[in-house]
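In: Prediction below, plus the sequence it came from.
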Amino acid sequence: MTLEMTPIPYRVRSRRADRAESVTLTLEPAEGLCPTFEPGQFTMIYAPGVGEIPISISGRGRFGGYVQTIRAAGAVSRALCRIEAGDLVGVRGPYGTPFDMGASAGMDVIVAAGGLGLAPLRPVIRELAAHPGRYGRLTLLVGARTPSGVLYPRELARWARHFDIRVTVDRPDDKWQGPVGLITHLVDQIAIGPRRTYAYVCGPEIMMRATADALVRRGVPAGRIALSLERNMKCGLGHCGHCQLGPLFTCVDGPVVTYDHAAPLLEVPQL
Amino acid sequence: MDKQPNPVLLDALDPLITALRIGGFRVVGPTVRDGVIRFAELSSAAESPTGWTDAQEPGRYRLRQEGELVFGYAASPDSAKRYTHPPRTTLFRWDKGPIEPEIDAPPTALIGLRACDLAALAVQDRVLGGSAAYRARRAALFLVAVDCATPSAVCFCTSMGTGPKAEAGFDLALTELSEPHRFLARAGSERGAEILAALPHRASAPADLAAAADVTRTATARMEPRRFELDGVKEQVAAARTSPVWEEIASRCLTCANCTIVCPTCFCTTVEDGTDLSDGAAERVERWDSCFTFGFTELGGEPVRASGAARYRQWLSHKFSTWVDQFGEYGCVGCGRCVTWCPAGIDLVEELERLR
Amino acid sequence: MTHKTIRVGGLSRVEGEGSLFIQARQGRITDVQLNIYEPPRFFEALLRGRAYTEPPDITARICGICPVAYQMSACQALESICDVTVDGPLRDLRLLLYYGEWIESHALHIYLLHAPDFLGYPSGVAMAADHRDLVERGLALKKAGNELVAAVGGRAIHPINVRVGGFYRAPSKRELTPVAERLRRARDAAVATVRWVAGFDFPDIEHDYRFLALTHPGEYAILSGDVATSDGLRFPIADWPSHVVEEHLPHSTALHARLDGVAGYLTGPLARYALNSPQLSGLTRQAAAEIGFGPICRNPYQSIIVRALETLHACDEALRLIDDYIEPDRPFVPAEPRAGIGHGASEAPRGTLYHRYRLDAEGLIAEADIVPPTAQNQARIEDDLRALAEPRLALPTAELAALCERAVRNHDPCISCSAHFLDLHIHHD
Amino acid sequence: MSVPKLAVWKLASCDGCQLTLLDCEDELLSVAAKVEIAYFLEASSFKGRGPYDLSLIEGSVTTEEDLHRVQHIRRVSKHVVTIGACATAGGIQALRNFADVREFISVVYARPDYIATLEHSTPVSAHVAVDFELRGCPIDKRQLLEVLSAFLAGRRPVIPEESVCVECKERGNPCVMVAHGTPCLGPVTQAGCGALCPAFNRGCFGCFGPLRSANAATLAGLPGVTRTFSDFQEAR
Ligand SMILES: Cc1cc2nc3c(=O)[nH]c(=O)nc-3n(C[C@H](O)[C@H](O)[C@H](O)COP(=O)(O)OP(=O)(O)OC[C@H]3O[C@@H](n4cnc5c(N)ncnc54)[C@H](O)[C@@H]3O)c2cc1C
Ligand code: SF4
Ligand code: SF4
Ligand code: SF4
């Protein structure tokens, strides 16, 4: 008997400490295959005895499994960041609504990531990069607090073949030559054909709202801006109530929603 | 069931209790304890609250002796929730992998549920039906409903369309009649019909049916002063998201969470992780939580709903508006528990009217 | 070597924090100070202006080790003003609660604080490394006491179920049954404890103590009684103020008590035993006879034996009370306040604990006075130390200091209890 | 990994909270096997030197000397956890959290001069950084064990910040306020005791201190509650 709230043991296949003060793990089921996932979905990862938190899936490992990037924010994420290759954790999922990759077919695509928001967008970017013919112009906007806070630097270089990539930071260091400031400035700088643009946005809530608003100002319909909401989640099943945002349970009706749905909810303080 | 047999008359409850016990059920029903009606395991009808009635108003509940009815009181602080969705359950222990406990779902007969309680179970079914543990506990229940004869001053099931007569979702339903004291019983399931057939009973006469209809008519009339129009509530509450009324309510609300915990449909939970000091094994427990607790929406160390106003808004809006978005029905069944058991005496019906 | 100073910075394995200071000049002790540096907590002051219903909850907070004692003495004093008698099953429940505290407190002292002295360990936990079964027996005994307190009082520390006139809720007989189960095992453990501690190696020291304890015609006094002394004095509690006078010494936040003008009497297990031992339960007297223990004990080191006997008595009596328990019709006797003065005393594990309150007509406290056992014993403990140290001044200081600390521990002083004292001084100004 | 060193300290207090550790009869020896009890005057004559991995502090700061002690403790301890109402709230000091009811409450104090005295009774956190505050008068045994095992497992202790009412309902008590008219501080008091007083037919008097989000002004307005409320502040 396996109940929905019981995690399945996964083994840490590999662990990499990122420059960006995060840790990227590849997790494989201790037995059997791991379920397929779609870009934007997340799992609940359980650090035994410490707790369980939602973490986005950033991709498939080279030999299968989930690649997931975790930043030590509190007790549970800290415990997960400390975990070593070979250790066991618990995993439930994948859960949640994915980024709709069909919706952007034939369009120009803007991917905008703030900080760790690049993690759930990585599968989106890889999908776009894998089928360049299927889409129009590809733009990747990345915002980070510091230059070293930019996630997946090596892959970024590779993606540059398909994407117009622009990175901005809040606090530059001596070597930084790129833009400084909010990611919304990048939105203002790029060429956008509003009627044929689709945007995938992920990052802190204020960043997502500012970016989406900037896109809307440029004429992109809110219904074609997808973002990934973050709320406190305990179950991932729509049973615990914690992640509710107006009519949505963010874990099952989200995390990915389009801005036309999200905007009126995010506008209300403390909803 | 294909055809509804005529209701029959029972003269006493004891044969029913005995039959259910023989049928392997733990029989749980109302008792008087510490000044309130509480569900407890019954071995005979003598433990029932015969001759007790309640007076309820916002923030106040008193029992007094009056009449001869066994079920002459309104919604009690207990509901079926404790049995379908217990306050605390161990989800698993973890020792290099999960060890799941058996689902604790002993066959239980609940006696004395009201129409609002049945409606609440139906609501829970829709919300929690995806949980195997919930389904197991739910399937273990045998439900004996009672048509409500004595709604309290806080009840509003007629407004919510859930009562006072038990219409569906029970195995057996009783209407308690007086002069002479008797129960008109009807089955709502095959197993209910079987139990009923095996009990000593008499055929009912049209006068009995008329008396039963009268019980419901009287009960309905008692709730008339509190009746409100449900149409439009969903939209009106959603439109009131930025109303100043929330702040005003928050100045009275203690954010104590009593309303959510007593509500038969409120389902929120949290989980607690621990480690056993002696063997180091990890354990995960699920327990009731409430949208009124401070940490409920904690994100990065701060709650999203930091203010009392936001938390009250969440509770009321969920019941009357967003629940409909999510599940196509209201999250409130009109039992009035949250009104009575709110220590500050906040009446959600009144607040609703102010928000419209 | 003409001068010698012994300091024990933080007395260990006593309740609360205190220190010890002894000074000697030319082979004579010139100063002994049991310092109570526990900061004052102003309880008596705090009580003033508060309702007569509050002392059971407030004074319990004076001491986490013997909160029941505070609650019992307070209730008694206040009930005497309200002219209320709590008897029958309610009095039995109070006794039960109190026995629970005795078992808990004595087991704590015997196993975790005192016995390590005899077996040569720094602590009960360290002792467990070699004598796990013994320490586990002690912990089980202690747990039985705690469970009894919790069953009657709600929780082990600062019970919540005590009120003036009785209880908020009387436990059902069914709730007490599992406690009785545990107590039966505890009683066996108590018998074993008596035998075990009787075998310790005791220094051959006796002091000519002047004992003070409550005495009661019907029982080994714990809950109530008259005050009696070993030199034949006997007076009702109401006369306490005319016999016992406290004075404030600069080196301590506690007061020294004088009995009829003479300092240095002893209250506590040795005193109770000396004055009342014939009233111990049959099983307890049998256990005492078995180890050849007489009716009076003046050797402070052997106080551990007396505590063990009292623990056995408490288990035995508690079991009898549970067997005979009939749920009372109501959990308390209504107590209406009036203006007046009331006195109450009971036997805390460490000795006689006296409370006095003056109420105004509204039932507000106009004056409160609390005399805990350790304050009464302080002068006598210092005398013990003088007698111990003077002939041994030649010993290395550390060794003598350890001996002195041990001598203090014999009396199980509770410094937390004493520490609310300074305001008495203020209060008499 | 070396065995973590535990120290237990005491300031102005009744001893009850440190006694709670000794009251963990079933767990004490397991705890002792996992940590080195390096300093615990009430329980041991052994006075191990710092630094300590975990220091538990009982009692409030009432004197200059205590102040220096807590600073010392902080310096020699990796983690500092204060235990009990005295150490976490300093007794009457908690009143400043209720500025709006202060005036209401001041009526109750017949002797404001004593309040001035007690205002010097401050929580440890007023003087040094504290890693976790465990509430209660006295603290709850299960919660203390949770803090210790959380510390050993390197996680945050699970000490729910919810009202006593939540535990009260979970336990199945009748609400004494609604059903009996007994004033009860449960709605504004942090859970932890398991809703003990309501289970004994009396109102909560606030052993675990005010709920972080408590709406005390409202409770003070309910008849009969203010008196109890001020009591709980002073009784600590
Ligand atoms: C859909 C989704 C995808 C995400 N993807 C990623 C990702 O890819 N990478 C990433 O790094 N982060 C991601 N996050 C964020 C991540 O989940 C949070 O950073 C994480 O929950 C922080 O948990 P923590 O325990 O480390 O921190 P904390 O903030 O300490 O605690 C987190 C949770 O535990 C609860 N909690 C903590 N302590 C206690 C206590 N004592 N008692 C009761 N409850 C307690 C909190 O209420 C909170 O719910 C995602 C979040 C969501 C919703
Ligand atoms: S919201 Fe109130 S009235 Fe409605 S079902 Fe819940 S408790 Fe009953
Ligand atoms: S509405 Fe009433 S019961 Fe609900 S949280 Fe507010 S005060 Fe408590
Ligand atoms: S008795 Fe007190 S703690 Fe319990 S629900 Fe009522 S108000 Fe809350």
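Out: Structure received. Ligands and ions are numbered 1, 2, ... in the order given.
In: contacting residues around stretch B:320-329?
Out: A:244, A:246-247, A:249, A:253, B:123, B:126-127, B:233-235, B:237-238, B:330-332, B:352 (C-beta atoms under 8 Å, 6 or more residues apart in numbering or on different chains). Backbone N, C-alpha and C define where each C-beta goes, glycine included.
In: if I look at the residue in the stretch 51-200 of chain C that ligand 3 sits nearest to, how far off is A:Leu227?
Out: Among residues of the stretch 51-200 of chain C, the one nearest ligand 3 by C-beta to the nearest ligand atom turns out to be C:Ile160. It sits 23.0 Å away. Computed as C-beta to C-beta, to the nearest Å, the C:Ile160 to A:Leu227 distance reads 52 Å.
In: out of these two, which sits in the busier spot?
Out: Between C:Ile160 and A:Leu227, counted using other C-beta atoms under 10 Å in any protein chain shown, A:Leu227 has the larger neighbour count: 30 against 24.
In: Quick check: phi and psi at that one.
Out: phi -130, psi 170 (degrees, to the nearest 10).
In: thought it was touching A:Val256?
Out: Yes: when contacts are counted by C-beta atoms under 8 Å, A:Leu227 is listed as touching A:Val256 (7.2 Å).
In: Could I get the full set of strands for chain D?
Out: Taking DSSP state E, the strands of chain D run over residues D:5-10, D:36-40, D:52-58, D:77-83, D:132-134.
In: Next, see if the second one gets close to chain B.
Out: This points to strand D:36-40. No: on the criterion C-beta under 8 Å from any C-beta of the partner chain, strand D:36-40 is out of touch with chain B, staying 14.6 Å away.
In: Run through the neighbouring helices and strands of that strand.
Out: In this structure, strand D:36-40 packs against strand D:5-10, with contacts taken as 3 or more C-beta pairs under 8 Å, 6 or more residues apart in numbering or on different chains; DSSP states H and E.
In: Nearest residue to the residue in the stretch 1-150 of chain A that ligand 2 sits nearest to in space, please, no chain neighbours.
Out: Across the stretch 1-150 of chain A, no residue is closer to ligand 2 than A:Met5, which sits at 24.5 Å (C-beta to the nearest ligand atom). Taking C-beta to C-beta, 6 or more residues apart in numbering or on different chains as the measure, A:Met5 lies nearest to B:Leu91, with 4.9 Å between them; neighbours along the chain are not counted.
In: so that neighbour makes contact with B:Val285?
Out: Yes: B:Leu91 is in contact with B:Val285 according to C-beta under 8 Å; the separation is 6.6 Å.
In: of those two, who's got more company?
Out: The residue with the greater number of neighbours, taking B:Leu91 and B:Val285 and applying other C-beta under 10 Å, is B:Leu91; the counts read 21 against 16.
In: Which helix or strand contains that one?
Out: Mapping B:Leu91 onto the secondary structure by DSSP states H and E places it in strand B:88-94.
In: Show me what that strand packs onto, helices and strands only.
Out: Packing partners of strand B:88-94 (3+ C-beta pairs under 8 Å, 6+ apart): strand B:98-99, strand B:282-288.
In: Do me a favour and average the pLDDT over it.
Out: Averaged across strand B:88-94, the pLDDT comes to 94.
In: any idea of the angle that strand forms with strand B:282-288?
Out: Note on geometry: by axes from the mean of the first three to the mean of the last three C-alpha atoms, to 10 degrees, strand B:88-94 and strand B:282-288 are set 160 degrees apart in direction.
In: if we can go back for a sec, export the strands of chain D to TSV and tack on mean neighbour count?
Out: Output for these, formatted as TSV (neighbours: other C-beta atoms under 10 Å in any protein chain shown):
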stretch	mean neighbour count
strand D:5-10	24
strand D:36-40	21
strand D:52-58	26
strand D:77-83	23
strand D:132-134	21
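In: so which of those strands comes closest to C:Thr30?
Out: Ranking these by their distance to C:Thr30 (criterion: C-beta to C-beta) puts strand D:5-10 first, at 30.6 Å.
In: now the closest one against strand D:77-83, angle please.
Out: Taking the same axes, to 10 degrees, one finds that strand D:5-10 is oriented at 40 degrees with respect to strand D:77-83.
In: Okay, buried residues for the strand holding B:Leu91 please.
Out: For strand B:88-94, burial by neighbour count (16 or more other C-beta atoms under 10 Å in any protein chain shown) applies to B:89, B:91-94.
In: Count residues in the vicinity of B:Lys234, would you?
Out: B:Lys234 is surrounded by 17 other residues when neighbours are defined as other C-beta under 10 Å.
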